[in-house]
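Chemist: Just to be clear, the model below is a prediction. Sequence and coordinates:
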Amino acid sequence: MTERNNIISNIFRSLLVVVMLFVIATDAEAQRPTISGSFSRDTVEVGDHFDYILDITKDRATEIGIPDFGDRLSPKEREELEKRKIKMSTFTDYDEDIFELVESYPIDTISVDNRTLHIRKRYRLAVMETGAMHLHPTILYFEKNRDVPDTVRTAEELTLIVPRYEHLDTLSFLVADPMQGAKVDSLRAAELLIKDSITTQKPLPFIFAEIRDYVIYGVIALIILALLIWAGIVVWNKYLKNRVAATKPEHRLPPHIVANMALVELSHRKLWQNGKYKLYYTSLTDILRVYIADMWEVGALEMTTDEIIEALSDKDIPRDSRMDLVAILRTADMVKFAKAEPDAEENEENYRRAYYFVENTKREEVEEGKEDITVETKIGE
């Protein structure tokens, strides 16, 4: 009886060991994650963006390592990544000269089944070479009580087709034509396309992010240009306004009023009374020369006495006034060139001759209700 019990006990222990080993193996297999990979497009052109997608199924407690693309890492993160790669000898690195990371999206949880998680990691990549590009979807997972991670990868690589440059350039299909100069050889184009099993180049999709900076800079440049143009217009208008104001002739008094005011001022200076005969007659004739120039547009300021008399010979001037002007000019020449000193009576007479010459030849432009300016009104005579 005892022997029989021992046999049964040994059989039970053996079955228990087998069950435990099966459970351990099953649990280990259950903890091992699975992975599948895909591209959003299997054929792209140089510089195109596409999505690289990893679908991973794993246990909640299983720790995994997802591939990193180093372009967007900080120096500290890059250093940690290099240390980890040395430790993870089975980790497959990606060639960053071929694929360029555009954006790495956060991990998404697709579904949850008890302890099993289905997660998805997505990368936005750009391809920088031509030909058949291969990626082998790979992740790392860490078993319990093991310092070195294990590698999980798909059975087959993913292949991305990037047409060669010559197939994207229509110059490859041009042939010389004696009549047309150059034309597309459709047979040659079809031969290349069929031979390499590629399609003709498609229009590139418009991606605003690629030109966003140019648009922003362009708008800023246009705003600055508009402000500069506006400022230029303001400055130019101000310049023209000032120029017009500077060149616009001021409202001038009638020639006879200007002459009368000058005669009043000359009278107050009392030049001949103080023996300054030359200065007195020079000032007196200058007043008349300015008056003649304004009245009859004659260059009297640069003329001699004889030239002034000749220039006024055809003007409508009363005979007495013409004789008074000649007397004043002749006397002035004697004083300036012969140093004559006329007496007081002659000096006062020449002053009155000048006044009446102006009065008798002036244009009547006095407004109604306003008194004309004369020597008498100025000096109270």
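Modeler: Sure thing, it's come through. Residues are numbered from 1 along each chain as shown.
Chemist: Now that Leu263 has come up, it's in contact with Arg352, right?
Modeler: No - using Cβ atoms under 8 Å, Leu263 is not in contact with Arg352; the gap is 9.9 Å. Every C-beta, even on glycine, is put in place using the N, C-alpha and C of the backbone.
Chemist: Would you mind listing the residues in contact with Asn360?
Modeler: The contact partners of Asn360, by Cβ atoms under 8 Å, 6 or more residues apart in numbering, come to Pro318, Asp320, Ser321.
Chemist: scratch that, His136
Modeler: Thr92, Arg153, Thr154, Glu157, Leu158.
Chemist: Next, count neighbours for the closest residue to it other than its chain neighbours.
Modeler: Spatially, and ignoring its direct neighbours in sequence, His136 is nearest to Glu157 (4.6 Å; Cβ to Cβ, 6 or more residues apart in numbering). Other residues near Glu157 number 12, with proximity taken as other Cβ atoms under 10 Å.
Chemist: same thing with Arg243?
Modeler: Per other Cβ under 10 Å, the neighbour tally for Arg243 reads 10.
Chemist: From Asn237, how far out is it?
Modeler: Using Cβ to Cβ, to the nearest Å, Arg243 is found at 11 Å from Asn237.
Chemist: what's the helix or strand for Ala61?
Modeler: According to DSSP states H and E, Ala61 maps onto no helix or strand at all.
Chemist: where does it fall, phi/psi-wise?
Modeler: Dihedral angles of Ala61 (phi, psi; degrees, to the nearest 10) stand at phi -90, psi -10.
Chemist: pretty sure it is touching Thr116, no?
Modeler: No - when contacts are counted by Cβ under 8 Å, Ala61 is not listed as touching Thr116 (10.9 Å).
Chemist: And those two? Which one has more around it.
Modeler: Thr116 (14 against 8).
Chemist: which element is Tyr291 on?
Modeler: Using DSSP H and E, Tyr291 sits within helix 277-296.
Chemist: Can you get me a residue count around Thr154?
Modeler: Number of residues near Thr154 (other Cβ under 10 Å) recorded here: 17.
Chemist: Same question for Ser40.
Modeler: The tally of other residues near Ser40 (other Cβ under 10 Å) stands at 13.
Chemist: Now do the contacts for it.
Modeler: Per Cβ under 8 Å, 6+ apart, neighbours of Ser40: Phe50, Asp51, Tyr52, Ile53.
Chemist: Do I have it right that Leu135 meets Leu160?
Modeler: Yes - counting by Cβ under 8 Å, Leu160 is a contact partner of Leu135 at 7.3 Å.
Chemist: before we move on, back to that, which one (most neighbours) among the contacts of Asn360?
Modeler: Ser321 (17 neighbours).
Chemist: Report the contact partners of that residue.
Modeler: Applying Cβ under 8 Å, 6+ apart, we find Ser321 in contact with Tyr356, Phe357, Asn360, Thr361.
Chemist: Where does the nearest residue to the first one once chain neighbours are set aside fall, secondary structure wise?
Modeler: Spatial nearest neighbour of Tyr356, chain neighbours left out: Asp324 (6.5 Å); criterion: Cβ to Cβ, 6+ apart. Counting by DSSP H and E, the secondary-structure element that holds Asp324 is helix 319-338.
Chemist: Specify the angle between that helix and helix 277-296 in degrees.
Modeler: Relative orientation of helix 319-338 versus helix 277-296 (axes from the mean of the first three to the mean of the last three Cα atoms, to 10 degrees): 140 degrees.
Chemist: any idea of the mean pLDDT in helix 319-338?
Modeler: Mean pLDDT, computed over helix 319-338, is 92.
Chemist: angle of the helix or strand following it against helix 319-338?
Modeler: Of the helices and strands lying after helix 319-338 in sequence (DSSP H and E), the nearest is helix 344-361. Using the same axes, to 10 degrees, the inter-axis angle of helix 344-361 relative to helix 319-338 is 140 degrees.
Chemist: Any chance of JSON lines for the contacts of His136, columns distance to Val258 and pLDDT?
Modeler: Below are those laid out as JSON lines (distance: Cβ to Cβ, whole Å; pLDDT from 0 to 100):
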{"residue": "Thr92", "distance to Val258": "104", "pLDDT": "44"}
{"residue": "Arg153", "distance to Val258": "109", "pLDDT": "80"}
{"residue": "Thr154", "distance to Val258": "108", "pLDDT": "86"}
{"residue": "Glu157", "distance to Val258": "106", "pLDDT": "85"}
{"residue": "Leu158", "distance to Val258": "102", "pLDDT": "85"}
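Chemist: Which ones among those map onto strands?
Modeler: Counting by DSSP state E, these place Arg153, Leu158 in strands.
Chemist: Format the contacts of His136 as TSV; extra columns: distance to Gly232.
Modeler: Below are the contacts of His136 laid out as TSV (distance: Cβ to Cβ, whole Å):
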residue	distance to Gly232
Thr92	62
Arg153	66
Thr154	66
Glu157	63
Leu158	59
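Chemist: all strands of the stretch 151-300 of the chain, in order?
Modeler: For the stretch 151-300 of the chain, applying DSSP state E, counting those that start in this stretch gives strands covering 158-162, 174-177, 181-184.
Chemist: for the stretch 1-150 of the chain, that is, sorry about that
Modeler: With DSSP E, counting those that start in this stretch as the criterion, the stretch 1-150 of the chain has strands at 34-39, 49-59, 63-65, 99-104, 108-113, 116-127, 131-135, 138-142, 150-153.
Chemist: quick one: which of these is nearest Glu79?
Modeler: Comparison of these against Glu79 by Cβ to Cβ identifies strand 63-65 as nearest, at 16.8 Å.
Chemist: For the residue lying closest to Ala327 once chain neighbours are set aside, give me its contacts.
Modeler: Nearest residue to Ala327, sequence neighbours excluded (Cβ to Cβ, 6+ apart): Arg353, at 6.2 Å. Remark: with contacts taken as Cβ under 8 Å, 6+ apart, Arg353 is in contact with Asp324, Leu325, Ala327, Ile328.
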